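**Student:** Sequence first, then the predicted structure, then my questions.
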Amino acid sequence: MAKVKGDIVVDINKCKGCELCAVACPQESLELSRKLNSKGYHYIVKIEDNCTGCTNCAMVCPDGIIKVYRKTEKKREQIATITNVTGDITVTVNS
Amino acid sequence: MNEKTMTAEEDLRFEQMLAEESVCTKENIVFDRTDTLIDTNMHYCPGCGHGVAHRLIAEVIDELDIQKDTIGVAPVGCSVLAYNYLNIDMNGAAHGRAAAVATGIKRVLPEKYVFTYQGDGDLAAIGTGETIHACNRGENFLIVFINNGIYGMTGGQMAPTTLPGMKSTTSPEGRDIVTMGSPLKITELIAQLPGTYYVTRTAVNSPVNVRKAKAAIKKSFEYQKLNKGTCLVEIVTNCPSNWKMNPVESNKWLEDNMLPFYPLGDIKKPSN
């Protein structure tokens, strides 16, 4: 099965800490930070490494400051065997 | 026979290498701020739905590639500074008169895409006449109507769309429909007029509704090319500051109280 890995980048200086993204996140991986940003708001940070890049947080973000990345990793599996590399090459594809 | 297979160790190392590779590269971007939305701090309160509505309009303009041909009309209200956030030609109208100003713009420049962006106090109270007559004449522009049931900019006074029993600074005991009248469902009212082509109600409280709202705005811009009549997209939003709630509570309250009264969905659809 293809494994989906996502990540987000939040522009923390524009974040107002409304937490709407944290509610919208199906993986529950967002939380408010303890620190404050330059405007005096607690900003959003990703606390878990289980993001799938579903873009739900970016959809509801009123300030449009979340950038979402997604990568689909295909699991490696043996699809063919190459034998007798020095001589004539025979490729047997596993069906 | 000279078979070479990867050992389990090599296999594991390869997997780890893949896992450590950063996802944050240019080709993996699936969502980013669109160009028409100017990269600046918005003055809206935390959790306000205006920001989402601005972003959706900007995204639709970029997707249809009509940035050069779009003219917006900003209202009076919280979104009076919309031209600071949207990188398109914009015009400010007197309170409630955005539909009248948009009529003028569209008649002089019929090939441009024109939209107004108005709140409930602007569109449904002070500008009722302008809005209804513009829709009745079937002017070819889009009205984006932001309904949060309150006058946001001036500090939370009762608006025509305030729900029965809802508290505001001018109805501290809750809206009493005997003395203050029932809420005005202006979207349903406008849908009856022959001049309108597409009238719908959406919300921006959840990712699903945001996607639907975007689809509605996109459809309206596409219909404008057909010259069939006025399109109106109502967006039911929250106003955390004046509802005296935090943003998460206000979205919950919106779902529990606003949406049953203002049901989502298309009110008038093109018949074809």
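**Tutor:** Structure received.
**Student:** and residue B:8, how many residues sit next to it?
**Tutor:** By the criterion of other C-beta atoms under 10 Å in any protein chain shown, residue B:8 has 8 neighbours. C-betas here are computed from N, CA, C, even on glycine.
**Student:** and it, what does it touch?
**Tutor:** Not one residue lies near residue B:8 by C-beta atoms under 8 Å, 6 or more residues apart in numbering or on different chains.
**Student:** Residue B:87 now?
**Tutor:** Neighbouring residues of residue B:87 by C-beta under 8 Å, 6+ apart: B:35-38, B:58, B:67.
**Student:** which among these end up buried?
**Tutor:** B:36-37, B:58, B:67 (16 or more other C-beta atoms under 10 Å in any protein chain shown).
**Student:** Just put the residues you listed in TSV and tack on secondary structure.
**Tutor:** Shown next, in TSV, are these (DSSP: H, G, I helix; E, B strand; the rest coil):
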residue	secondary structure
B:36	coil
B:37	strand
B:58	helix
B:67	helix
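**Student:** filter those residues by proximity to chain A?
**Tutor:** residue B:37 (C-beta under 8 Å from any C-beta of the partner chain).
**Student:** Now tabulate the buried ones among the contacts of residue B:87 in TSV and tack on pLDDT.
**Tutor:** TSV is the format used below for these (pLDDT from 0 to 100):
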residue	pLDDT
B:36	93
B:37	94
B:58	96
B:67	94
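**Student:** circling back: now, among the contacts of residue B:87, which is nearest to chain A?
**Tutor:** If you rank the contacts of residue B:87 by distance to chain A using C-beta to the nearest C-beta, residue B:37 comes first, at 5.9 Å.
**Student:** What sits closest to that closest one if chain neighbours are left out?
**Tutor:** Computed as C-beta to C-beta, 6 or more residues apart in numbering or on different chains, the closest residue to residue B:37 that is not its neighbour in sequence is residue B:58, at 3.9 Å.
**Student:** That neighbour contacts residue B:51, doesn't it?
**Tutor:** No - assessed by C-beta atoms under 8 Å, residue B:58 is found out of contact with residue B:51, at 10.6 Å.
**Student:** Which residues of the stretch 151-272 of chain B lie near chain A?
**Tutor:** By C-beta under 8 Å from any C-beta, the part of the stretch 151-272 of chain B that sits against chain A consists of B:204-207, B:210-211, B:240, B:246-248, B:251.
**Student:** Pull out the buried members of the residues you listed.
**Tutor:** Here, 16+ other C-beta under 10 Å leaves B:204-207, B:210-211, B:240, B:246-248, B:251 buried among those.
**Student:** Can you give me the neighbour number for residue A:85?
**Tutor:** Other residues lying near residue A:85 total 11 when counted by other C-beta under 10 Å.
**Student:** Quick check, pLDDT for it.
**Tutor:** The per-residue pLDDT reported for residue A:85 equals 74.
**Student:** what kind of secondary structure is it in?
**Tutor:** Look at residue A:85: counting by three-state DSSP, its state is coil.
**Student:** Residue A:34 - that's part of a strand, no?
**Tutor:** Yes - counting by three-state DSSP, residue A:34 is part of a strand.
**Student:** returning to that earlier point: widest-spaced pair of the residues of the stretch 151-272 of chain B next to chain A?
**Tutor:** B:211 and B:246 (24.4 Å; C-beta to C-beta).
**Student:** can you redo the buried ones among the contacts of residue B:87 as a markdown table with distance to residue B:100?
**Tutor:** Output for those, formatted as a markdown table (distance: C-beta to C-beta, whole Å):
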| residue | distance to residue B:100 |
| --- | --- |
| B:36 | 25 |
| B:37 | 27 |
| B:58 | 25 |
| B:67 | 25 |
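**Student:** Nearest to residue A:40 among the buried ones among the contacts of residue B:87?
**Tutor:** Using C-beta to C-beta, the buried ones among the contacts of residue B:87 come closest to residue A:40 at residue B:37, 24.0 Å.
**Student:** Run through the bridge partners of that closest one.
**Tutor:** Beta-bridge partners for residue B:37, by DSSP bridges, are residue B:86.
**Student:** check contacts around it.
**Tutor:** For residue B:37, the contacting residues are A:64, B:54-55, B:58-59, B:85-87, by C-beta under 8 Å, 6+ apart.
**Student:** for stretch A:35-44, the distance to its chain's centre please.
**Tutor:** Centroid separation for stretch A:35-44 versus its chain: 23 Å, with C-alpha atoms, centre = their mean, to the nearest Å.
**Student:** Only alpha carbons, please: show it as CSV.
**Tutor:** In CSV, the C-alpha atoms belonging to stretch A:35-44 read as follows (Å, rounded to 0.1, in the frame of the first residue of the first chain):
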residue,chain,number,x,y,z
LYS,A,35,5.3,30.7,23.4
LEU,A,36,3.9,33.8,21.9
ASN,A,37,4.6,35.3,18.5
SER,A,38,5.5,38.9,17.8
LYS,A,39,1.8,39.9,17.9
GLY,A,40,1.3,38.3,21.3
TYR,A,41,-0.8,35.3,20.2
HIS,A,42,-0.1,31.6,21.0
TYR,A,43,0.6,30.2,17.6
ILE,A,44,-0.1,26.7,16.1
